[in-house]
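K.L.:
just coords:
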């Protein structure tokens, strides 16, 4: 029988065809290893390896340059024009406010005993503007009062809101020595037909117009006062654009409701301060006033002690 011969495997170091790769592999240096037989502790070897790795990890990366794309010159021009328009509008608004305040001060300067200045108030316009004002933080009583007024307006209780506004207008009339005419439209079944109903309360005239003609009534009063030679003593308080322009066109001065309410609030604060000052003088005289200004807490204790005696 014929037997196949087994192929002999090449040994290491032999000159066979399969021995070339093994020789090349043996010539390469072995990779570094952490061993125990080199006289260095394993912990020290690990620390050394970590120190060698740190420079490679902390090497700064190559910084890529990035240039922001430039804006379109036309877009830059449009943005500059828009900013210029906004600044001009703000300056014009500030100039108008200063002019309106100067008109208000000039009207106060014309006050006398026989012909006091007249302020015609578009009452419902002022009332709704009043509800949008910022609530004061330093006067909690006033804050509560304005909150109640807003609640009455939202609930549709116009009579209560009207009374609050009329009370403030009374204080303003006394503090500034002006005659206030508060003109209400015919709402809440007060006066729908016939002539306007005029009542006086606390030095101000309260007018309920017929057929919702508050603007017409105000302009008629402006015409009468201007025709009587009192153009410098007439002021219209309303944010209604048509009525505002008509007031200036009719020869009188006009201010928006927001600015008028700021003046009313200022007059109310001044009146409150004067009344409190009179109260302090009645209690302790001039010394008591000085004590209150320097130490209100001590003044309160002295007032409580006086009441207890």
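P.N.:
Received the coordinates, thanks. Every value quoted in this text rests on a predicted model; they were computed, and no experiment measured them. Numbers count the residues shown, from 1 in each chain.

K.L.:
per-domain residue ranges of this structure.
P.N.:
The chain breaks down by automatic domain parsing into domains covering 95-258, 269-308.

K.L.:
which of those has the lowest average pLDDT?
P.N.:
Of all the domains of the chain, domain 269-308 carries the lowest average pLDDT, namely a mean of 66.

K.L.:
Going along the chain, name the helices of the stretch 101-250 of the chain.
P.N.:
In the stretch 101-250 of the chain, the helices defined using DSSP state H, counting those that start in this stretch lie at 123-130, 140-155, 158-176, 214-227, 241-249.

K.L.:
Just say which of these is most tucked in.
P.N.:
helix 123-130 (a mean of 21; mean count of other CB atoms under 10 Å). C-beta: built from backbone N, CA, C; applies to glycine.

K.L.:
What helix or strand is residue 46 located in?
P.N.:
helix 42-58 (DSSP states H and E).

K.L.:
How about residues contacting that helix?
P.N.:
Counting by CB atoms under 8 Å, 6 or more residues apart in numbering, helix 42-58 makes contact with 34, 36, all of which sit outside it.

K.L.:
Which positions within it qualify as buried?
P.N.:
residue 45 (16 or more other CB atoms under 10 Å).

K.L.:
what does stretch 202-217 give?
P.N.:
For stretch 202-217, using 16+ other CB under 10 Å, the buried residues are 204-210, 214-215, 217.

K.L.:
and what of stretch 176-183?
P.N.:
For stretch 176-183, the neighbour count (16+ other CB under 10 Å) marks 176, 178-183 as buried.

K.L.:
Show me the contact partners of it.
P.N.:
In contact with stretch 176-183 (CB under 8 Å, 6+ apart) are residues 107-108, 111, 116-123, 165-166, 169-170, 172-173, 203-207, 209, 214, 217-218, 221, 263, 267.

K.L.:
rerun at 7 Å
P.N.:
Here stretch 176-183 makes contact (CB atoms under 7 Å, 6 or more residues apart in numbering) with 108, 111, 116-123, 166, 169, 172-173, 204-207, 209, 214, 217-218, 221, 267.

K.L.:
Strands along the chain, start to end?
P.N.:
Taking DSSP state E as the criterion, the chain carries its strands at 118-122, 179-184, 197-201, 204-208, 234-237, 253-255.

K.L.:
These into TSV, with extra columns for distance to residue 303?
P.N.:
Below are those laid out as TSV (distance: least, CB to CB, whole Å):
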stretch	distance to residue 303
strand 118-122	37
strand 179-184	35
strand 197-201	33
strand 204-208	34
strand 234-237	39
strand 253-255	40
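
K.L.:
thought residue 150 was touching residue 131?
P.N.:
Yes - the criterion here is CB atoms under 7 Å, and residue 150 meets it with residue 131 at 5.0 Å.

K.L.:
follow-up on the earlier one: among the strands of the chain, which comes closest to residue 79?
P.N.:
Closest approach to residue 79 among these (CB to CB): strand 253-255, 34.7 Å.

K.L.:
and the closest one, which strands flank it?
P.N.:
Using DSSP bridges, the strands paired with strand 253-255 are strand 234-237 (parallel).
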